[in-house]
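K.L.:
need a structure here:
(one chain, ligands or ions: 1)
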Amino acid sequence: ATYKIGYFVGSLASGSINRTLAKALIKLAPEELEFTEIPIKDLPLYSYDYDADFPPEGRALKEAIEAADGILFVSPEYNRSIPGALKNAIDWGSRPWGTNSFARKPTGIIGASPGSIGTAVMQSSMRSVLSFLDAPQLNSPEAYISYKPDVFGADGEVKDEATAKFLGHFMDEYAAFVARVLAANAPGHI
Ligand code: FNR
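P.N.:
Predicted coordinates for the structure are as follows:
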């Protein structure tokens, strides 16, 4: 089977190391995963005033989440939490009330930072948010990536064998998790 994965990059920066990480993950992922980025940069800041009539960017975001079999978040940590642009996108996807697009979607969380914490605190915040939104998350392996510029090439090549192996393993486990959640979500499965 093939699975459609919608991925979010939590950074708007032109030189984003997390965008580079996303490229590497796509290269290392098993063949059955097909990736489409879900863009966040043109979303207005959410308020419930939009609920009566979502703008095209908000509708497109919800449609992209709903069309995906699984969601992958590749994000930096900003001030020990989720970057505002990404949190804004999640807020859009969660609303209007009663139409939370993330419900029961299998999700994966990964991120890179130049420091050694490797986005661990952002990922912890993200787990609280996704739990509230009823989105199951790959729990293991965790992936806290301490970004070394000599390891990651601009087009997603990974020059260190151990890092490439670990990231490939993360994506294999993520693919298996997506398959398990989709099977559990299927009608008739208790
Ligand atoms: C950071 N950075 C950062 N790093 C970290 O490990 N923990 C943190 O809490 C923060 N906080 C933070 C806040 C803000 C506003 C910025 C701009 C940066 C550093 C961050 O990891 C670094 O800039 C990365 O390059 C960000 O990832 P992208 O945007 O390059 O993908």
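K.L.:
where does the residue nearest to residue 66 when sequence neighbours are not counted sit relative to residue 175, distance-wise?
P.N.:
Residue nearest to residue 66 in three dimensions, not counting chain neighbours: residue 101, with 5.2 Å by Cβ to Cβ, 6 or more residues apart in numbering. (C-beta placed from N, C-alpha, C; glycine too.) Noted for residue 101: a distance of 21 Å to residue 175, by Cβ to Cβ, to the nearest Å.
K.L.:
Nearest the middle, which residue of the chain would you pick?
P.N.:
residue 73 (1.5 Å; Cα atoms, centre = their mean).
K.L.:
Is that residue bridged to anything, and to what?
P.N.:
In this entry, residue 73 is beta-bridged to residue 8, residue 109, by DSSP bridges.
K.L.:
residues touching it, list them.
P.N.:
By Cβ atoms under 8 Å, 6 or more residues apart in numbering, residue 73 lies in contact with 7, 8, 10, 86, 107, 108, 109, 110, 111, 126.
K.L.:
Closest one to residue 133 out of those, please.
P.N.:
Among those, residue 107 lies closest to residue 133 (Cβ to Cβ), at 9.0 Å.
K.L.:
count of neighbours near residue 131?
P.N.:
When neighbours are defined as other Cβ atoms under 10 Å, residue 131 has 11 of them.
K.L.:
Mind checking what secondary structure the residue nearest to residue 66 has?
P.N.:
Judged by DSSP: H, G, I helix; E, B strand; the rest coil, the three-state class of residue 101 is coil.
K.L.:
quick one, phi/psi of it?
P.N.:
In terms of degrees, to the nearest 10, the main-chain angles of residue 101 are phi -70, psi -10.
K.L.:
Need the nearest residue in space to residue 71, chain neighbours excluded.
P.N.:
residue 107 (4.7 Å).
K.L.:
same check, this time on residue 164
P.N.:
Nearest to residue 164 is residue 158, by Cβ to Cβ, 6+ apart, at 4.0 Å.
K.L.:
ok, the residue nearest to residue 66 - contacts?
P.N.:
So residue 101 contacts 61, 62, 65, 66, 93, 94 (Cβ under 8 Å, 6+ apart).
K.L.:
still on that earlier bit, per-residue confidence at the residue nearest to the centre of the chain?
P.N.:
Turning to residue 73, the model gives it a pLDDT of 99.
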